[in-house]
Structures are given as structure tokens and as C-alpha cells.
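> take this sequence and fold it.
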Amino acid sequence: MESNLSSLGSLAQSARKKQLKSTRGILLFIGVLTVAVNGFMFVVHDIVDKAIKAEVQKLGPNFVVDPAKAAPIRASLIRLNQLIAGAGIALGVVFILFGVMVEKHPVPITITALTIYIAAAAIPYPARSETFSKVWKLWVMSAASSGR
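This next block holds a predicted model:
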């Protein structure tokens, strides 16, 4: 009878270890992927240039952008993109740390990681382009009004 109970305990322990390994792998994968994607977004400035070009096209074919006034705006938008991507990199590092520590505190780390993942997914990437559009329009309007 005791050997059956000890084998059941061993079986439960084995299943728990397997679940923790799976959780660790998922957290590490999400963390590394998040760091990689946001690291790429951090260094690529093409996103900003495309957003600016799209906004200029919306203003009409006769609208002329003064390169001297556009350069500081572009630099500000690049810094904004780097700030957002930097936050994403930090989030990826948090997931990697959670993956490393999940065996010590499995329930709190799993719940926290899932909550953070869902919260981060609630801020979609299209919000970035909307932010660029709003900032760009604001600066274009202020540059146009200050130039007169």
C-alpha cells in the first residue's frame, strides 16, 4: 500500500516538473522573441520615414515639407520609436527572468507573466502608427503656423 502512495507522489512530482519545464520554455521563448523583435524595431528608422511619407501624402500633392523643419521632427519620432521599442526590450528581459525563476515560485510567476502578456497585447502595434500620425500632424501644424 505504501509503495503505491510513494509511486503516486513520484508520478505527481514528475508531472509537475514536466509542466514547469514547459512553462520555462514558453517564457524563455516569448522573452527572447520579444527582445529580438523590439531590438530590430529599435534600430530600424524606416518605420518613421514611412509614417512621415504617408502623412505628407495625405496633406496633398502641393504640400511642401521644409527639410530643415522636418529633421528635428523626424529625430523626435525616432526617439519615440526607440522609447517604445526599449520598453518592449525591457518586457522581453522580464519574461526571460521569469523563465529562469519559474521553478522557485511557479504560481505567482505564471500568473504575473500571463497578466503582463495580456496587458502588453492590449496595446496593439497599430497604436504606434497612430501616435506617429498625431505627433506628425501636431508638429506640421505648429511648423506651418510659426513659419508665417
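> residue 55: how many residues sit nearby?
20 (other CB atoms under 10 Å). Placement of C-beta: from N, CA and C, glycine included.
> helices or strands up against the strand or helix carrying it?
Per DSSP states H and E, residue 55 falls inside helix 46-58. Contacts defined by 3 or more CB pairs under 8 Å, 6 or more residues apart in numbering; DSSP states H and E place helix 46-58 against helix 67-101, helix 126-146.
> for residue 66, phi and psi?
Residue 66 adopts backbone torsions of phi -80, psi 110, taken as degrees, to the nearest 10.
> tally of neighbours for it?
10.
> now the angle between helix 67-101 and the helix holding residue 55, please.
Calculated by axes from the mean of the first three to the mean of the last three CA atoms, to 10 degrees, helix 46-58 forms an angle of 140 degrees with helix 67-101.
> chain center to helix 46-58: distance?
For helix 46-58, the separation from the chain centroid amounts to 21 Å (computed by CA atoms, centre = their mean, to the nearest Å).
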